[in-house]
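>>> curious how this folds, go ahead:
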Amino acid sequence: MGEAQGLSFYSTTQRQFGYLNLARLPDFINATFRLRACNTDGCGAFTAAKALDIPKSISHEFPSGRAPLKSSASNFDPISQDGLTLVLRGASGSTSTLLVFARTAIDQPWQQQAEFPTRASRIALSSDGTTLAGAEDDKIQIYHRGGATWGLQATITSTQTPAACPQPCQLASVPGKLALSANGNLLAVTGIYGAATNTPNAVFTYVRTGTTWAPQSHLAPGGSVVGTALALSGDGSTLALNSGAITRSESFAPPYLHVYAQSGGGTWSEQARLPVGIVNFLDIAASRYSALALSNDGATLAVEALNAPNSLPAEFHITGADLTCAGTGSAAPGWHIALFAREGATWRRQAVIARDAASWALANDGNALFFGGELFNRRSGAWTCP
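Residues are numbered from 1 along each chain as shown. Coordinates of the predicted model:
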């Protein structure tokens, strides 16, 4: 691994954490590692060599394919559903980059396919691994792969917005969330219009026809905080976004989750307005925000939310009786995953699962949730506990 030999290690309570120093991603993405324990009396034997499994650390593999691990405390590094395309943030000197890796099979080494200099703070990869979008300042850059070659396909500037959006109308100057459909032909991104400043109050959609991108619609359910939580179904038929959010100072409008369905001709209509404790705050001390995920067909929705019974109206409250599975946090649930399902055109909450703050993933077919190191399954419309 050349210079990538430093292993930093520290302990917090009973947990141990380590990370590699002095390593460029291309240097160690195919590395193997082995461990041994040492003390003042000497060292024990090395363990067997093990591959550095980055996909396992950022995604969960379900029978329906890989799904990225989400968390309320961080951005997500995207990976394709088949696990053969991976995008990681890196640096080349002082320049921030996105590095794209691919492999021909799960047991084959990664090969770097592309490196894009960009300060993109939000990125999204289509599930089929062919389209990558990055939000940088006041623009969206879209990259596409043809065969094994990646290139910049389009740049959507701040003023390229849907014609029906009331002016002034532009992409959020502080990049918000963005999402791609499974084939990469539909993009959703937060924006602002009217009197809004840096806080997004709308979500814009863009459609690709051939190699050309064009604005499609703008969705503005009302409220001064819109689209800080965002999810798009793989088939591009369903879009979920919030209006309102719990902030660090708790100065917020009651947060609702709006679910839109797309009909023929690219028209979106609101299908549901769900009371969910959506969180969004960013400051120098910490950041937390609710993460969302939709199944490929858009009929199942998972929401990472916060129960705030002292601050929100009664329709938002989650009690111990609402929990599907007993476990950590069950007596007074705080952070939790709420699972909703669509029956016809009607949405209802199917389950609430509370665990210690942890990463999670929703299966592409919507029938399984990996949360807190446990697997929850849905059978015949009911979620079962491990």
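>>> got the contact list for residue 81?
Residue 81 is in contact with 65-67, 127-129, 182, 364, counting by Cβ atoms under 8 Å, 6 or more residues apart in numbering. For the C-beta atoms, the positions are set from N, CA and C on the backbone; glycine is no exception.
>>> what's residue 338 in contact with, if anything?
Listed by Cβ under 8 Å, 6+ apart, the contact partners of residue 338 are 276, 302-303, 305, 318, 349, 351-352.
>>> quick one: which of those residues has the most company?
If you count neighbours using other Cβ atoms under 10 Å, the busiest of the contacts of residue 338 is residue 305, which has 29 neighbours.
>>> name the nearest residue to it, ignoring sequence neighbours.
Nearest residue to residue 305 in three dimensions, chain neighbours excluded: residue 277, at 4.2 Å (Cβ to Cβ, 6 or more residues apart in numbering).
>>> surely that neighbour touches residue 246?
Yes: Residue 277 is in contact with residue 246 according to Cβ atoms under 8 Å; the separation is 6.1 Å.
>>> sorry, back to before: from the contacts of residue 338, which shows the smallest pLDDT?
Comparing pLDDT over the contacts of residue 338, residue 318 scores lowest. The value there is 89.
>>> ok so, going back, hmm, which of the contacts of residue 81 are the buried ones?
Neighbour-count burial (16 or more other Cβ atoms under 10 Å) applied to the contacts of residue 81 gives 65-67, 127-129, 182, 364.
>>> so of the residues you listed, which ones are in strands?
Among the buried ones among the contacts of residue 81, the ones falling in strands (DSSP state E) are 65-67.
>>> now render these as JSON lines, adding distance to residue 117 and pLDDT.
Converted to JSON lines, these look like this (distance: Cβ to Cβ, whole Å; pLDDT from 0 to 100):
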{"residue": "65", "distance to residue 117": "30", "pLDDT": "96"}
{"residue": "66", "distance to residue 117": "27", "pLDDT": "96"}
{"residue": "67", "distance to residue 117": "29", "pLDDT": "96"}
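>>> I'd like these written out as CSV, with distance to residue 135 added.
CSV is the format used below for these (distance: Cβ to Cβ, whole Å):
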residue, distance to residue 135
65, 25
66, 23
67, 21
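>>> nearest to residue 322 among these?
Residue 322 lies nearest to residue 67 out of those, by Cβ to Cβ, at 24.9 Å.
>>> in this structure residue 293 contacts residue 230, no?
No: taking contacts as Cβ under 8 Å, residue 293 lies outside contact range of residue 230: 10.5 Å.
>>> any figure for the gap between the residue of the chain positioned farthest from its centre and residue 47?
Centroid-distance maximum for the chain: residue 41 at 46.4 Å, with Cα atoms, centre = their mean. Note on residue 41: its distance to residue 47, by Cβ to Cβ, to the nearest Å, is 19 Å.
>>> cool, and residue 241?
As defined by Cβ to Cβ, residue 241 lies at a distance of 46 Å from residue 47.
>>> neighbour count winner among these two?
Higher neighbour count among residue 241 and residue 47: residue 241, with 27 against 11, using other Cβ under 10 Å.
>>> Validate this expectation: the more buried one resides in a strand.
Yes: per DSSP: H, G, I helix; E, B strand; the rest coil, residue 241 lies within a strand segment.
>>> hang on, the earlier thing: shared neighbours of residue 277 and residue 246, anything?
Joint contacts of residue 277 and residue 246 (Cβ under 8 Å, 6+ apart) are 255, 306, 308, 312.
>>> nearest to residue 86 among the residues you listed?
residue 306 (30.7 Å).
>>> and the closest residue to that closest one other than its chain neighbours, backbone torsions?
Leaving out its chain neighbours, the residue that sits closest to residue 306 by Cβ to Cβ, 6+ apart is residue 277, at 4.4 Å. As for residue 277, its main-chain torsions (degrees, to the nearest 10) stand at phi -80, psi 70.
>>> circling back: so can I have JSON lines of the contacts of residue 81 showing distance to residue 376?
Below are these laid out as JSON lines (distance: Cβ to Cβ, whole Å):
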{"residue": "65", "distance to residue 376": "18"}
{"residue": "66", "distance to residue 376": "17"}
{"residue": "67", "distance to residue 376": "13"}
{"residue": "127", "distance to residue 376": "22"}
{"residue": "128", "distance to residue 376": "27"}
{"residue": "129", "distance to residue 376": "27"}
{"residue": "182", "distance to residue 376": "23"}
{"residue": "364", "distance to residue 376": "15"}
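>>> closest one to residue 356 out of those, please.
residue 67 (20.5 Å).
>>> who's that closest one bridged to?
When bridges are called by DSSP bridges, residue 67 pairs up with residue 60.
>>> strands of the stretch 251-386 of the chain, start to end?
256-262, 268-275, 280-282, 287-289, 292-294, 300-306, 335-343, 346-353, 360-362, 368-371, 374-379, 382-384 (DSSP state E, counting those that start in this stretch).
>>> list the buried residues for the host helix or strand of residue 101?
Using DSSP states H and E, residue 101 sits within strand 95-102. Residues of strand 95-102 classed as buried: 96-102 (neighbour count, 16+ other Cβ under 10 Å).
>>> against which helices or strands is it packed?
On a contact count with 3 or more Cβ pairs under 8 Å, 6 or more residues apart in numbering; DSSP states H and E, strand 95-102 meets strand 85-92, strand 111-117, strand 131-136.
>>> tabulate these (CSV), appending distance to residue 161 and mean pLDDT.
Output for the helices and strands packed on strand 95-102, formatted as CSV (distance: least, Cβ to Cβ, whole Å; pLDDT from 0 to 100):
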stretch, distance to residue 161, mean pLDDT
strand 85-92, 26, 85
strand 111-117, 24, 94
strand 131-136, 14, 93
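>>> closest one to residue 281 among those?
The closest of the helices and strands packed on strand 95-102 to residue 281 is strand 131-136. By Cβ to Cβ, the value is 19.0 Å.
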